[in-house]
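1. sequence unknown, structure follows:
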């Protein structure tokens, strides 16, 4: 790996290690991000193995990770990072929309999942959102993941430690489960015998408490975190 890919830290910024094997993609995105206020690319790598060494050296705030890497892939690398450095955020930046890739990524512990065609400004927003504690899923990825759960290909997800710390009320969990099953506000209101206005209020509160931006992201997070199950 070219030592020129190591950049001297400037401090007081979101410090990122970028792992991507396609040089044009990596250099282009890194150049944009490094020129953005509040963000610093401290190192770039074209392999996960080298990226791991940079992570140990720089202890960044965030890792921007490709999935399809030579040698160790991005999913394996993400699992290792989250195990060794749980405070480091990981954003997966991928061109893969295959079902198996999405589900594997969801289980790897990354904080956000973006497709490579994400607008540059939106990627910056996602980075800041993740650093503020939110989770983010590209809508295209979220739709694939949600379809897997709704089709019962993953019939049961056990509750995780995260589930115990999400302050959802009993009625909010009812709404979340129905939302995860793909029901709209009118259908949820009818099933729970309340007004649509009440359901809208519950959905708004759920999105805020789960730190997600839309219903699909809420549904995926609900299942992956064990907040709801779809086996009954």
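-> Right, received. Where do you want to start? Model, not experiment: these values are computed from the prediction.
2. what comes up buried for the longest helix that the chain contains?
-> For the chain, the helix that runs over the most residues, judged by DSSP state H, is helix 196-210. Counting neighbours by 16 or more other CB atoms under 10 Å, one finds that the buried residues in helix 196-210 are 199, 202-203, 205-207, 210. Every residue, glycine included, has its C-beta placed from N, CA and C.
3. helices and strands around that helix, which ones?
-> Counting contacts by 3 or more CB pairs under 8 Å, 6 or more residues apart in numbering; DSSP states H and E, helix 196-210 packs against helix 170-180, helix 185-192, helix 215-224.
4. out of the ones you listed, which gets nearest to residue 54?
-> Proximity to residue 54 (CB to CB) singles out helix 215-224 among these, at 28.1 Å.
5. ok now that closest one, how far from the chain's centre?
-> Relative to the chain's own centre, helix 215-224 is displaced by 11 Å; criterion: CA atoms, centre = their mean, to the nearest Å.
6. how is this protein carved up into domains?
-> According to automatic domain parsing, the chain comprises the domains 3-134, 148-224.
7. reformat those as CSV; add mean pLDDT.
-> Below are the domains of the chain laid out as CSV (pLDDT from 0 to 100):
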stretch, mean pLDDT
domain 3-134, 87
domain 148-224, 77
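8. tell me the phi and psi of the residue of the chain positioned farthest from its centre?
-> The centre of the chain is farthest from one residue, residue 193, which by CA atoms, centre = their mean lies 33.8 Å away. When read as degrees, to the nearest 10, the backbone of residue 193 gives phi 60, psi 50.
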